[in-house]
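# next input, structure requested:
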Amino acid sequence: IDMYVEGMFDLNELLMKHGYLPANEKEQHFANMMDKAENRYFPVFEKVLKDHGKDFLVGNQLSRADVQLLETLLMAEEFKPGILAKFPLLQSFKARISSIPTIKKFLQPGSQRKPPSDEGVVDKVMKIFY
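Numbering: from 1, shown residues only. Just a heads-up that it's a prediction; the model follows:
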């Protein structure tokens, strides 16, 4: 599980960092981030799901890895709708995990997953790191 989660954290870090980059770095970062998602990370997870042949990423029940992969997929789709077009197993995984009642509730609009953004936070981060 830890190996999968670490790989997802690497991609998540790229996705989260994008909103805090200076404007002149965003275009190149976006291209790099999408390239890594589509050509490095998502093919690996597609293969894991195919080889495992189960509903979950690891074992036969929901784990931290499933929740982390779902969040990674959702974040990537926010940046690039249709990014999962070449990954049918990731698409079905996303739908399956999203339909678990507690997760479905968490993903509803207004949930804690995406609290209202505070514009001051971005400015504060930019001043600290740039």
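
# any idea which element the one residue sitting closest to the centre of the chain lies in?
In the chain, the C-alpha nearest the mean C-alpha coordinate belongs to residue 72, at 1.1 Å (Cα atoms, centre = their mean). Using DSSP states H and E, residue 72 maps to helix 64-79.

# for the residue nearest to the centre of the chain, which non-adjacent residue is closest in space?
residue 8 (4.8 Å; Cβ to Cβ, 6 or more residues apart in numbering). No exception for glycine: its C-beta is placed from N, CA and C like everyone else's.

# swap in residue 48?
Closest to residue 48 by Cβ to Cβ, 6+ apart is residue 57, at 6.4 Å.

# residue 70 contacts residue 94, correct?
Yes - with contact defined as Cβ atoms under 8 Å, residue 70 reaches residue 94; the gap is 6.2 Å.

# quick one, which of these two is more surrounded?
Between residue 70 and residue 94, counting by other Cβ atoms under 10 Å, residue 70 is the more crowded of the two (22 against 18).

# separation between the residue lying closest to the more buried one once chain neighbours are set aside and residue 64?
Spatial nearest neighbour of residue 70, excluding adjacent residues (Cβ to Cβ, 6+ apart): residue 97 at 4.7 Å. Distance, residue 97 to residue 64, using Cβ to Cβ, to the nearest Å: 12 Å.

# for these two, indicate the residue with more neighbours.
Legend: neighbour count by other Cβ under 10 Å for residue 97 and residue 64, higher for residue 97 (21 against 14).
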